[in-house]
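A.B. asks: need a structure here:
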Amino acid sequence: MSARFPKAVALLAAAALLAAAAVELAMRGSNPERLAEDAGVDDAAAPSRYDIDYPFMRYSTAPRSDPVARIERRIEAGELRLDAKPPRGRLDALLAALDIDPASQVLVFSATSLQRGRINPGTPRAIYFNDDVYVAWVQDGPIEIASMDPRLGPVFYLLDHDENATFERQTDRCLRCHDSYSLSGGGVPRFIVGSGYTGPTGALATHEGWILTTQRTPLRHRWGGWYVTGRHGDAVHLGNIVVRDVGDLADLDRIRVGNIDTLDGLVDTTPYAAPGSDIVALLVLQHQVDVQNRIAAASYAIAAALQAAGSARGETSTPPPALDAVVADGVEPLVEAMLFVGEAELPAPVSGSPEFRASFERRGPFDDAGRSLRQLDLERRLARYPLSYLVYSQAFDALPTIAKSRVYRRFIDVLTGRDHDEKFAHLTDADRAAVLEILAATKPDFAIALAAAGADADEPANDGRDSGLRP
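C.D. replies: Just a heads-up that it's a prediction; the model follows:
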């Protein structure tokens, strides 16, 4: 068992494997025969790869506390019904139960779901989301749900529109793509946002153009196969483009469609819960997916190392060097994602649905000056105060103690200016001061960590590899 844990960490960090798997995933996403084969698999009969690679996690059998699990308990107790109403079946009731704003709607017409036969530019898949869960609705198909469990990370479900149908947990089919490039084991569940040149049937027009995107991806490479509404000045993206001939790729400017407020003339949105596919929601979704994937990767790698070291949660104050290195390697990418390191600059100011922005920003929490990590900038970057609002999420709080302590120590190093690494140069002194103040005022356990770290204020900057165990 123990020999597998270092391998898991190495696989998560290997850039070469990432590149190789991206090609495989692109091939898999555009292969109708492969997807048809996947769709025919009895998910309940197939063992989860995580039950093999991480048996102590009990991915398939452990009690769940994600939003869907909570809804299941309410339904079983007779406290909630998900009634079906035309034209969207049970979607509207599910969004209300999960507290998901329909204004979060984004539309993807790339047929990379298991429901590929129902998805094309005329019938795109709608995705709605909040901080913890993503709901995908396809016309005439079951609802797909991806939910962030605090301990297990991403978990996946299908829900039919029959009012007697229950949530069907997916532990194999969805994970054939929603897996972090394990190839030979050691991957973890993840959420996916991709971009590729898409044809009129919803299939990829070319494999070479398909990529997984992150918040580091320039806008000009994002949203191929997605609809995009909103304003973005002279910036360009790949949204709204249907490639009818590969020759179109030689002159993308001729077929670009941008800076549109509605999708009139491109697709009939009457059946959907909202009229657009908001550019601001797309930006928020990408950041959120990046951070959640880093949380899951860190949680699995560090939990594996703790299991090998004989500690379930990492409360020990004297970790062995090998464990310390695993924690450092798992935490630093999460810290970078949460502090927007490498975020692609917006080439021009962006604006979208005022309903989505207002709904997103008002969730807070706010400090006494009325500031919040949810406030958006949208002039040159996403966040006005560049630290992820997912610091308030249950998944973040469920990180192993040893990991969360290190994250906080790294935040303190960066925000107090003790860490002068060039990768944090995008944070101005004003940014660092504001984020530090907001976080200390709105996150009580961080305020405790900050106070405890005050005695160390004159030490050299942390390089991200010390024990990080001081609270």
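A.B. asks: Quick check: which ranges of this protein have low pLDDT?
C.D. replies: Residue ranges of the chain with pLDDT under 70: 1-47, 172-178, 180-186, 311-319, 455-471.
A.B. asks: Quickly note the distance from the residue positioned nearest the centre of it to Asp131.
C.D. replies: Taking C-alpha atoms, centre = their mean, the centroid of the chain lies closest to Val289, which sits 1.2 Å from it. Counting by C-beta to C-beta, to the nearest Å, the separation of Val289 from Asp131 is 12 Å. Heads up, the C-betas are built off the backbone N, CA and C, glycines and all.
A.B. asks: Please apply the same query to Met338.
C.D. replies: Counting by C-beta to C-beta, the separation of Met338 from Asp131 is 14 Å.
A.B. asks: picking that back up, does the residue nearest to the centre of the chain sit in a helix, a strand or a coil?
C.D. replies: Using DSSP: H, G, I helix; E, B strand; the rest coil, the secondary structure recorded for Val289 is helix.
A.B. asks: Tell me who's in contact with the residue nearest to it when sequence neighbours are not counted.
C.D. replies: Leaving out its chain neighbours, the residue that sits closest to Val289 by C-beta to C-beta, 6 or more residues apart in numbering is Phe191, at 4.4 Å. With contact set as C-beta atoms under 8 Å, 6 or more residues apart in numbering, Phe191 has these partners: Tyr134, Ala146, Pro154, His178, Val289, Gln292, Asn293.
A.B. asks: what about 10 Å?
C.D. replies: Phe191 makes contact with 129, 134, 146, 148, 153-154, 156, 178, 285, 288-290, 292-293, 296, according to C-beta atoms under 10 Å, 6 or more residues apart in numbering.
A.B. asks: Kindly indicate whether it is helix, strand or coil.
C.D. replies: When classified by three-state DSSP, Phe191 comes out as coil.
A.B. asks: Could you report the separation of it from Ile295?
C.D. replies: The spacing between Phe191 and Ile295, counted by C-beta to C-beta, is 11 Å.
A.B. asks: So for stretch 393-412, what gets flagged as buried?
C.D. replies: By neighbour count on 16 or more other C-beta atoms under 10 Å, the buried set for stretch 393-412 is 393-396, 398-412.
A.B. asks: Can you give me the end-to-end span of it?
C.D. replies: With C-alpha to C-alpha, to the nearest Å as the measure, stretch 393-412 spans 19 Å from end to end.
A.B. asks: How far off centre is that stretch?
C.D. replies: 18 Å (C-alpha atoms, centre = their mean, to the nearest Å).
A.B. asks: how about the helices of the stretch 51-200 of the chain, start to end?
C.D. replies: 67-76, 91-98 (DSSP state H, counting those that start in this stretch).
A.B. asks: Just say which of those helices is most tucked in.
C.D. replies: Highest mean neighbour count among those (mean count of other C-beta atoms under 10 Å): helix 91-98, with a mean of 19.
A.B. asks: so what's Leu282 up against?
C.D. replies: Counting by C-beta under 10 Å, 6+ apart, Leu282 touches 104, 106-108, 127, 193, 213, 219, 222-223, 226-230, 237, 239, 350, 352.
A.B. asks: Restricted to strands, list those residues.
C.D. replies: Among those, the residues falling in strands (DSSP state E) are Val106, Leu107, Val108, Ile127.
A.B. asks: Weed out the non-buried ones from those residues.
C.D. replies: Counted by 16+ other C-beta under 10 Å, those give Val106, Leu107, Val108, Ile127 as buried.
A.B. asks: Now render those as TSV, adding distance to Pro55.
C.D. replies: As requested, these are arranged in TSV below (distance: C-beta to C-beta, whole Å):
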residue	distance to Pro55
Val106	36
Leu107	39
Val108	35
Ile127	32
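A.B. asks: And those, which two are furthest apart?
C.D. replies: Set against one another by C-beta to C-beta, these have their most distant pair in Leu107 and Ile127, with a gap of 7.6 Å.
A.B. asks: In CSV, list the helices of the stretch 51-200 of the chain along with distance to Asp445.
C.D. replies: Formatted as CSV, the helices of the stretch 51-200 of the chain follow (distance: least, C-beta to C-beta, whole Å):
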stretch, distance to Asp445
helix 67-76, 23
helix 91-98, 26
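A.B. asks: Which one, of those, ends up nearest to Ala447?
C.D. replies: Of those, nearest to Ala447 by C-beta to C-beta is helix 67-76, at 27.4 Å.
A.B. asks: Which strands or helices does that closest one pack on?
C.D. replies: Taking 3 or more C-beta pairs under 10 Å, 6 or more residues apart in numbering; DSSP states H and E as contact, the helices and strands that helix 67-76 lies on are helix 91-98, strand 133-137, strand 143-149, strand 153-159, strand 168-170.
A.B. asks: Gly265 is nearest to which of those?
C.D. replies: In terms of C-beta to C-beta, the element of those nearest to Gly265 is strand 133-137, at 22.4 Å.
A.B. asks: Summarise which helices and strands the closest one is packed against.
C.D. replies: Going by 3+ C-beta pairs under 10 Å, 6+ apart, strand 133-137 lies up against helix 67-76, helix 91-98, strand 106-108, strand 125-129, strand 143-149, strand 153-159, helix 279-309.
A.B. asks: For it, which strands pair with it and how are they oriented?
C.D. replies: If you go by DSSP bridges, strand 133-137 pairs up with strand 125-129 (antiparallel), strand 143-149 (antiparallel).
A.B. asks: Check the offset of the last one from the chain's centre.
C.D. replies: Counting by C-alpha atoms, centre = their mean, strand 143-149 is centred 11 Å from the centre of its parent chain.
A.B. asks: tell me which residues in it are buried?
C.D. replies: Ile143, Glu144, Ile145, Ala146, Ser147, Met148, Asp149.
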